[in-house]
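Novice: have a look at this fold, sequence not included:
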């Protein structure tokens with residue numbers, strides 16, 4: 001096995017050639033329904049309305065560029081720190097960006113590289129300390145116990161949030177952040193709020209009316225419970241900023257669950273046991289334009305299950321510009337190094353630009369073919385089944401699903417209605433709104449149903 005090279009220093013990322021990090025939006029394809037977006041909803045009723053909207057008007061990125069006479073985009077700050085839950089941060093940034101907000105991801109630390117939870121590394125846009133004079137329409141605080149504690153101890157952020165709240169502007173917090181940060185600062189005094197169920201008892205210490213619900217809106221504050229409620233939380237923020245119609249437009253192409261809080265479901269054909277020797281080793285390739293919510297669900301959930309997850313860049317740099325340009329992931333290794341390793345599972349996120357890079361990368365395609373020929377598991381979500389697996393014969397004789405507007409590209413479309421499909425050693429899924437189910441289904445195949453359900457409950461997914 002090749003040694004893993006040390007990650008470049010932060011200055012290398014900042015000085016990197018922007019052209020190498022840029023990924024095309026592929027807007028023309030999106031306008032034709034070839035989008036790789038996905039969404040979640042703040043409630044089951046919103047999910048139904050969004051599904052209806054998506055059927056009436058298939059859109060991938062609903063907000064178009066504003067003309068010179070239209071109002072400026074809403075400004076949103078997503079504050080992050082070492083130990084932040086990456087999925088909570090990414091989901092809020094991603095979905096608010098889809099709604100047309102001008103999102104800044106700022107770190108409470110002195111450097112731009114964030115060592116988030118579960119070994120995830122990403123680059124922030126700015127430092128909180130440099131934004132104290134800025135005005136925002138919304139400030140969002142993701143959770144994670146360590147991340148929330150670091151946000152709480154950031155004095156410039158506390159000053160910003162207190163001033164922001166005094167002006168009656170919107171605040172959002174999820175997971176541990178409502179209890180550990182906002183309640184501690186006194187911002188929630190007299191408000192109804194929620195947080196991760198394990199911390200609900202601590203809300204009352206800050207004079208908060210604790211509510212055990214997935215998302216709670218009270219005046220200018222929106223709070224939520226955890227990773228499993230992150231899409232609902234983000235859409236509630238969109239609705240507060242832009243209204244119900246925009247929230248429905250953003251939600252439609254995400255293909256979120258019709259009903260929240262229930263167990264994930266798997267449509268399985270040709271059932272076989274996925275066998276691993278020891279701790280499962282999983283490869284997650286990433287590329288410029290990969291969907292951040294899909295990639296992070298795989299990384300986060302599988303690492304929670306104690307899988308050894310390796311994130312490999314198929315580009316010529318470790319830093320990946322993700323689909324909505326809000327959380328630039330930093331891979332563990334380059335694909336050339338990963339190619340010298342053995343994996344029990346190779347699984348790809350979607351995002352059309354990322355999938356197009358995957359399908360044109362001979363080394364990755366060769367690894368996938370070797371994986372399939374040896375009977376070892378492989379999988380893909382969203383655009384990747386249609387644009388990577390299908391053209392290279394990796395779906396031959398298999399049932400699969402994909403991002404719905406791309407389903408016509410599959411030779412066998414008989415299983416495309418399902419959210420997660422397993423056929424022997426292959427697993428596929430539809431969109432960012434099915435990404436957590438997809439990751440949990442993988443955990444079930446690798447570790448068993450009991451472990452998958454325990455993680456789902458930890459995430460407040462069910």
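Specialist: Thanks, I have the structure now. Bear in mind the structure is a predicted one, so any value in this text is a computation, not a measurement.
Novice: domain ranges for the chain?
Specialist: The chain breaks down into these domains under automatic domain parsing: 39-254, 267-458.
Novice: pLDDT of the longest one, averaged?
Specialist: Mean pLDDT, computed over domain 39-254, is 87.
Novice: just how off-centre is that domain within its chain?
Specialist: For domain 39-254, the gap between its own C-alpha mean and the chain's C-alpha mean amounts to 13 Å (C-alpha atoms, centre = their mean, to the nearest Å).
Novice: so who does the residue nearest to the spatial centre of the chain touch?
Specialist: Note on the chain: the residue nearest the mean C-alpha position is residue 293, at 1.8 Å, using C-alpha atoms, centre = their mean. Contact partners of residue 293, counting by C-beta atoms under 8 Å, 6 or more residues apart in numbering, are 38, 87, 90, 91, 94, 432, 435. Placement of C-beta: from N, CA and C, glycine included.
Novice: three-state assignment of it?
Specialist: Three-state call for residue 293 (DSSP: H, G, I helix; E, B strand; the rest coil): helix.
Novice: would you mind measuring from it to residue 382?
Specialist: 10 Å (C-beta to C-beta, to the nearest Å).
Novice: one step back: spatially nearest residue to the residue nearest to the centre of the chain (excluding sequence neighbours)?
Specialist: Among residues not flanking residue 293 along the chain, residue 432 sits closest, at 4.2 Å (C-beta to C-beta, 6 or more residues apart in numbering).
Novice: can you check residue 239 too?
Specialist: residue 247 (3.9 Å).
Novice: mind listing what's buried in the helix or strand hosting that neighbour?
Specialist: Using DSSP states H and E, residue 247 maps to helix 244-251. Judged by neighbour count (16 or more other C-beta atoms under 10 Å), helix 244-251 contains these buried residues: 246, 247, 248, 249, 250, 251.
Novice: quick one: the fifth one and residue 100 touch, right?
Specialist: To tie it back to what came earlier, the one meant is residue 250. No: using C-beta atoms under 8 Å, residue 250 is not in contact with residue 100; the gap is 9.0 Å.
Novice: quick one: end-to-end distance for stretch 164-180.
Specialist: In stretch 164-180, first residue to last residue: 18 Å (C-alpha to C-alpha, to the nearest Å).
Novice: pull out the buried positions in it.
Specialist: Of the residues in stretch 164-180, those buried (16+ other C-beta under 10 Å) are 164-165, 170-180.
Novice: what about those, which are in strands?
Specialist: Judged by DSSP state E, strands contain the following of these: 170, 171, 172, 173, 174.
Novice: so which of the domains of the chain is nearest residue 261?
Specialist: domain 39-254 (6.8 Å; C-beta to C-beta).
Novice: how about the helices in the stretch 201-350 of the chain?
Specialist: 230-242, 244-251, 292-304, 335-338 (DSSP state H, counting those that start in this stretch).
Novice: can you point out the buried residues in the last one?
Specialist: Looking back up the chat, that one is helix 335-338. For helix 335-338, by 16+ other C-beta under 10 Å, it's 335, 337, 338.
Novice: can you read off the pLDDT for the last one?
Specialist: At residue 338 the predicted local confidence, pLDDT, stands at 98.
Novice: look up how far residue 425 lies from it.
Specialist: 19 Å.
Novice: got it, and the second one?
Specialist: Remark: distance between residue 337 and residue 425 (C-beta to C-beta) = 24 Å.
Novice: try the first one
Specialist: Using C-beta to C-beta, one obtains 22 Å as the distance from residue 335 to residue 425.
Novice: hmm, back to that, ok, the buried residues of helix 335-338 vs residue 117, which is closest?
Specialist: Of the buried residues of helix 335-338, the one sitting nearest to residue 117 (C-beta to C-beta) turns out to be residue 338, at 22.6 Å.
Novice: my read is that the closest one contacts residue 283, right?
Specialist: Yes: between residue 338 and residue 283 a contact is recorded at 5.7 Å, counting by C-beta under 8 Å.
Novice: give the residues shared as contacts by these two.
Specialist: Common neighbours of residue 338 and residue 283 (C-beta under 8 Å, 6+ apart) are 310, 312, 367.
Novice: let me see the contact set for the second one.
Specialist: Okay, so that is residue 312. So residue 312 contacts 283, 284, 285, 286, 331, 332, 333, 334, 335, 337, 338 (C-beta under 8 Å, 6+ apart).
Novice: 6 Å instead, please
Specialist: 285, 331, 333, 335, 338 (C-beta atoms under 6 Å, 6 or more residues apart in numbering).
Novice: list the beta-bridge partners for it.
Specialist: residue 285, residue 333 (DSSP bridges).
Novice: surely residue 82 and residue 116 touch.
Specialist: No: using C-beta atoms under 6 Å, residue 82 is not in contact with residue 116; the gap is 7.3 Å.
Novice: of those two, who's got more company?
Specialist: residue 116 (29 against 19; other C-beta atoms under 10 Å).
Novice: distance of the closest residue to that one other than its chain neighbours relative to residue 222?
Specialist: Spatial nearest neighbour of residue 116, excluding adjacent residues (C-beta to C-beta, 6+ apart): residue 86 at 4.2 Å. Relative to residue 222, residue 86 is positioned 20 Å away (C-beta to C-beta).
Novice: repeat for residue 333
Specialist: In this view, residue 333 and residue 222 are 38 Å apart by C-beta to C-beta.
Novice: out of these two, which sits in the busier spot?
Specialist: In this view residue 333 and residue 222 are compared by other C-beta under 10 Å, and residue 222 has more residues nearby, 26 against 21.
Novice: what bridges to the closest residue to the more buried one other than its chain neighbours?
Specialist: Distances taken as C-beta to C-beta, 6+ apart place residue 172 nearest to residue 222, at 4.5 Å, with adjacent residues excluded. Beta-bridge pairing for residue 172 (DSSP bridges): residue 140, residue 222.
Novice: same deal with residue 79?
Specialist: residue 106.
Novice: coming back round to it: tell me the predicted confidence for the residue nearest to residue 293.
Specialist: 96.
Novice: before we move on, back to that, need the buried residues of helix 335-338 in CSV (columns: distance to residue 237).
Specialist: Output for those, formatted as CSV (distance: C-beta to C-beta, whole Å):
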residue, distance to residue 237
335, 36
337, 39
338, 36
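Novice: before we move on, back to that, from the buried residues of helix 244-251, pick the one nearest residue 232.
Specialist: Of those, the one sitting nearest to residue 232 (C-beta to C-beta) turns out to be residue 251, at 9.6 Å.
Novice: show me what contacts residue 126?
Specialist: Here residue 126 is in contact with 104, 106 (C-beta under 6 Å, 6+ apart).
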